[in-house]
Each structure stands twice: as structure tokens, then as C-alpha cells.
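> need the 3D shape of this:
(one chain, ligands or ions: 1)
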Amino acid sequence: MRSLRATRWFRDEPVAPALVDELLDVARWTGSARNRQPWRGVVVTDLARRARLAELGAYAGHLAGAPLVVLLAVDVEGGGEDAEFDAGRFAQTFMLAAHARGLGTCPASFFPAENARRATALADLAAPWRVRTAISLGYPAPSPRPGATSAVPRGRKPLDALRSTAPPVPRADAEGD
Ligand SMILES: Cc1cc2nc3c(=O)[nH]c(=O)nc-3n(C[C@H](O)[C@H](O)[C@H](O)COP(=O)(O)O)c2cc1C
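Here you go, the predicted structure:
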């Protein structure tokens, strides 16, 4: 689980439909608030649609180069306050399942809102569904620019940074301990 990284370069090799189904079937069992399952995963393989999707975000270019894209649709009306959290869990389950099968993935965000609206239309969906995120999927290829500097910082914050820095609250009944 720790070795899951974003993959933005892919081999020119399709992903078998049965394998895609297997990944979606794993993701389908993700838990959600009140078991609402406020998500859909729309599979896109045709290049014309992937190319259009790749233009809908400042960093969505990898969608054109992946053999397959899953558009993550969220029910923003019936899904309640937890819908985005639920959809994030669904996406993470999908990406971990893909990683376990030797496949690479990377999310892409569609922004501003008009681009999310266009992505929703390209998924053939309408309200209450909204597509703000896609996941590219394919067999990883080496980066054509290994070691190139990235606008996004790499690595992770240290473990200590996760811990609360707030001072402990003294317990009222702890006086005299
Ligand atoms: C909600 C979300 C949106 C993201 N959007 C993009 C994106 O638009 N384009 C992109 O190339 N990567 C995107 N990413 C991938 C992040 O850049 C990546 O997870 C982060 O840099 C860590 O990468 P690493 O696991 O390879 O270290 C997104 C990730 C998340 C969780």
C-alpha cells in the first residue's frame, strides 16, 4: 500500500475489460456514509474523448496518454455531506487494486467548475452527477524525462508532522497527580 505512486506515463497496451471489471468490483465494496455508494465509474477508452478530457484541467494531460480513463462521478445531491469523502475512498480502493495487479494510475482534477461540467457531459451524465475527477489507468512506462523537476513537491511530510502539536489539555481530575 505504501508503494502506490502516481503513474503518468503508460505503455501502449490495452487493459483487458475483465481486469477493469475486477478493479471496479473491488472498488464497489468500498464503505460509504449510510452505505449510500454515491459514485459511478464511467470507463472511457476512445482517444477522441480522452483527448478532450485531457484539456479540461491544468494537469490533466496524462489522460490522453493512458489507454483507459475512469471518470469518477459523484451524486452531489443524494450523496449528502460525505459524498466527496466517500468518492475519495472509492478512488483509493480502485487505485490500490490496480497497483496490486501491476497497473499504474493517476488522478486528474477538472477545474474550474465549467470544466467539471464539460467532463460530466463527456461521461453522458447530468445532475445530480458531477465529474470533477478522473483516474488514468494503464501499464506503467518509464518517464520520458527521468529526474525532471516537478511543480509538485515530492516525498511526504515526516511522520512527526502528522501528530497533533496542540499541548495536552490537563484533566480536571488530574490535579495533584
Ligand atoms: C484529489 C487529487 C487530485 C489530483 N489531481 C491531479 C492532476 O490533476 N494531475 C496530476 O498529474 N496529478 C494529480 N494528482 C496526483 C498528485 O499529484 C499525487 O497524488 C501527489 O503528487 C503524490 O504523488 P506520488 O504518490 O507519486 O508521490 C491528484 C491527486 C489527488 C489526490
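> for this structure, longest helix please?
helix 83-100 (DSSP state H).
> list the buried residues in the lowest-mean-pLDDT helix or strand in the chain.
Least confident helix or strand of the chain, by mean pLDDT, DSSP states H and E, is helix 159-162 with a mean of 91. Judged by neighbour count (16 or more other CB atoms under 10 Å), helix 159-162 contains no buried residues. Using the backbone N, CA and C atoms, a C-beta is placed for each residue, glycine as well.
> and if you look at stretch 52-59?
Within stretch 52-59, the residues that count as buried by 16+ other CB under 10 Å are 53, 54, 56, 57.
> and the longest strand seen in the chain, what's its mean pLDDT?
When the chain is parsed with DSSP state E, its longest strand is strand 129-138. Averaged over strand 129-138, pLDDT sits at 98.
> mind listing what that strand pairs with, with the direction of each?
Under the criterion DSSP bridges, strand 129-138 sits next to strand 68-75 (antiparallel), strand 104-109 (antiparallel) in its sheet.
> the inter-axis angle of that strand versus helix 83-100?
Put simply, strand 129-138 runs at 10 degrees to helix 83-100, going by axes from the mean of the first three to the mean of the last three CA atoms, to 10 degrees.
> I appreciate the help and will end here.
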